[in-house]
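# got a predicted structure plus its sequence, pasted below:
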Amino acid sequence: MPVTQAEYAALANFRYAIRQFLRFSEEAASHLGLTAQQHQALLAIRGYPQRDALTIGELAERLQIRHHSAVGLVNRLEKQGLVMRRPSPADRRQVYVALSAHGAEMLERDGPRVFRQGLHMYLDHPTASENFERPERTLRDLAAVLETDARWEANGPVGPGLYAEARVFENFRGLINEIAPHIGVSIRAYGFSEYGEAEGREGEIITALVEAVSVDFVTMAGAGGAVLEVLESRRRRRMDELTEARNRATAAEARVTTLQGELTEAQGRVTTLEATNATLTQERDSLQERVRSLNTSVAAAGARSAVTTALEASNLPEASRTRLVETLSANPPMTAEGDLDAAALTTRTNEAIQAEQQYLEALTGAGLPTGVGGGKPTNEASEEDLTKGFQKLGMSEEAAKVAASR
C-alpha cells in the first residue's frame, strides 16, 4: 500500500518539531558563548539519572561520540571552568566529570575570565523591551568602561569580591561622582544555573559564568556592588525567561516523543510496502519475459507463413525454398513494439530469393530452366546442369537428380 498523505504530514511535522527543538538549543548555547556540542555535554551531565556526575565513557555514549573526542571536549570545558574532574570514591583510577561549584567559588573562578578590560558600563540595566529592540544598547547610556581586567580579592575594601578599575567618561563624571554613595553596580552576564537552596532561599542558583555583557550603574545592586575603585556584583537570571525557555523545551520534547511513535509506525508501513513492491516487480518482470517469448513465437510463425508464400511464387528449386524458409523465419525482423516487421521481412525475402537465383545461375553456368519448381525441364542438358550444381552444394548424386527433376 502507498504511504498516505496523512503519514507524509506526520513525518514532516516530526522533522519540524525536531528542528524547532534543535534551533532553540543551538540559540541558547550560542547566547552562552558555547558550541552546540559543549551545550549538549553540560546538559548530559546535569540530567544524568541518579548521579550528579558521569564518567568520560558515559558522556561519550550520551553524545554518541568517540572516547578520545569526549576527553578533548571535557578538557575544553574544564579550561572554561564549566566542569571539574573528581576521582571515584570506590575506585581512585576512575574519574567522574561534574558541573563546577557556584557562589564565591564561581566568581573567583569565572569573574577574571569574563569581566575583561574594555567591558562597557551603562546607566541602568535595560528593560525587557529595550533589550529586545536594541540589544546592543544606546550610546546615550554608555557611561564608562573597565580599564583593567576584574580580579578576585579575598580581603578587598568591602570584603571578598571582584574588583577592577573603571574609566568614567567626562560627560558622566560629575553625575557619577555626585550620586556614587547612593548607587551601586550590577553585572549582566550569561551563565548556567540550577534549582537549589543557597543563603536561606530556594530558586535558580548561578553555577557558572561564561560571558559578560556589561557592568551597569544601578540604584540597587544585586549583591552589594559598590561604586568605589572597584566593580563587583552578581545578579540572578530572570526567572520568567528561564520558565518560558523550559516550557518551550518540555513542549518540544513531548512533541518529539509523539512524532517518534508516528514515525516508527510509518516506517513499519514503508518496510511492508517495499517488500510488496519487490514481489510485484519480480512478477512483472516474469510476465514481461513470457510476453516477449510469446511475441517471438508468433512472429516466427507469421514469418514462416509469409516467407513460404513468397517462395512459392519464385522459380527456385524446392531444396532452396525449404532452406530459405528455415533461414528467414528463424530470426525475423521485429519492430520496436515487439511485432513482426512485415516490410523488412519482405525486403529480406526478396533479397534472399535474388541471391539464391544468382548463386544457382553461377553454379549451372546458365539461367534456370523454365519448368523449375513447377514442371519438367525443357531439355536434358538443363536438368544435367542442375544435377551437377546441386552436387556442388553437397548433395549426393541421387538427391541432386531428384531435386533437378522437380
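The structure has been received and is ready for your questions.

# quick one, phi/psi of Val95?
Dihedral angles of Val95 (phi, psi; degrees, to the nearest 10) stand at phi -120, psi 130.

# which residues does it contact?
55-56, 85-88 (C-beta atoms under 8 Å, 6 or more residues apart in numbering). Using the backbone N, CA and C atoms, a C-beta is placed for each residue, glycine as well.

# top of those residues by neighbour count?
Ranked by the number of neighbours (other C-beta atoms under 10 Å), those place Ile56 first, at 18 neighbours.

# what about the strands in the stretch 201-350 of the chain?
Remark: strands assigned in the stretch 201-350 of the chain by DSSP state E, counting those that start in this stretch are 201-218.

# quick one, longest helix in the protein?
In the chain, assigned by DSSP state H, the helix with the most residues is helix 239-312.

# would you mind measuring from the closest residue to Gln38 other than its chain neighbours to Arg255?
Once flanking residues are discounted, Gln38 sits nearest to Leu77: 6.1 Å by C-beta to C-beta, 6 or more residues apart in numbering. From Leu77 across to Arg255, the span is 30 Å (C-beta to C-beta, to the nearest Å).

# neighbour-wise, which of these two wins?
Higher neighbour count among Leu77 and Arg255: Leu77, with 22 against 17, using other C-beta under 10 Å.

# that's a helix at that one, yeah?
Yes: counting by DSSP: H, G, I helix; E, B strand; the rest coil, Leu77 falls inside a helix.

# re earlier: dump the residue contacts of the residue nearest to Gln38.
38, 41-42, 83.

# check it and give its pLDDT.
Confidence at Leu77, expressed as pLDDT, is 85.

# ok, now the one 5 residues further on?
The pLDDT attached to Leu82 in the predicted structure is 75.

# could you find the closest non-adjacent residue to it?
Closest residue in space to Leu82, ignoring its immediate chain neighbours: Ala208 at 5.2 Å, by C-beta to C-beta, 6+ apart.

# that neighbour contacts Leu99, correct?
Yes: under the criterion of C-beta atoms under 8 Å, Ala208 makes contact with Leu99 at 7.2 Å.

# those two: which is more packed in?
Ala208 (24 against 18).

# show me the contacts of Leu77 that map onto helices.
Those of the contacts of Leu77 lying in helices (DSSP H): 38, 41-42.

# these into TSV, with extra columns for neighbour count?
Converted to TSV, the ones in helices among the contacts of Leu77 look like this (neighbours: other C-beta atoms under 10 Å):
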residue	neighbour count
Gln38	19
Ala41	25
Leu42	21
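
# pick the one among those residues closest to Thr264.
For the ones in helices among the contacts of Leu77, the closest approach to Thr264 (C-beta to C-beta) belongs to Ala41, at 27.9 Å.

# how about stretch 348-366: buried residues?
348-349, 352-353, 356-357, 360, 363-364 (16 or more other C-beta atoms under 10 Å).

# farthest pair in those?
It's Arg348 and Thr364 that sit farthest apart of those, by C-beta to C-beta, at 24.9 Å.

# low-confidence ranges in the stretch 51-200 of the chain?
81, 100-107, 158-160, 192-200 (pLDDT under 70).

# about what we covered before: can you list the ones in helices among the contacts of Leu77 in TSV and add pLDDT and distance to Ile187?
As requested, the ones in helices among the contacts of Leu77 are exported to TSV (pLDDT from 0 to 100; distance: C-beta to C-beta, whole Å):
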residue	pLDDT	distance to Ile187
Gln38	85	22
Ala41	87	25
Leu42	82	21
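
# that older thread, and the contacts of Val95, which of them are in helices?
Per DSSP H, the subset of the contacts of Val95 in helices is Ile56.

# and the contacts of Val95 as TSV, adding distance to Pro332?
Below are the contacts of Val95 laid out as TSV (distance: C-beta to C-beta, whole Å):
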residue	distance to Pro332
Thr55	78
Ile56	76
Arg85	85
Arg86	88
Pro87	88
Ser88	85
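
# of the contacts of Val95, just say which sits nearest to Glu170.
Distances from Glu170 to these, taken by C-beta to C-beta, are shortest for Arg85, at 48.9 Å.

# for the closest one, which residues make a bridge with it?
Val97 (DSSP bridges).

# helix/strand/coil for Tyr48?
Tyr48 - assigned by three-state DSSP - is coil.

# find the nearest non-adjacent residue to it, please.
Nearest to Tyr48 is Leu54, by C-beta to C-beta, 6+ apart, at 4.7 Å.

# which residues are in contact with the one you found?
So Leu54 contacts 44-45, 48, 62, 96-97 (C-beta under 8 Å, 6+ apart).

# from those residues, list the buried ones, please.
Buried among the contacts of Leu54 (16+ other C-beta under 10 Å): 44-45, 48, 62, 96-97.

# need those in JSON lines (columns: distance to Leu162).
Shown next, in JSON lines, are the buried ones among the contacts of Leu54 (distance: C-beta to C-beta, whole Å):
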{"residue": "Ala44", "distance to Leu162": "30"}
{"residue": "Ile45", "distance to Leu162": "26"}
{"residue": "Tyr48", "distance to Leu162": "31"}
{"residue": "Arg62", "distance to Leu162": "34"}
{"residue": "Tyr96", "distance to Leu162": "29"}
{"residue": "Val97", "distance to Leu162": "27"}
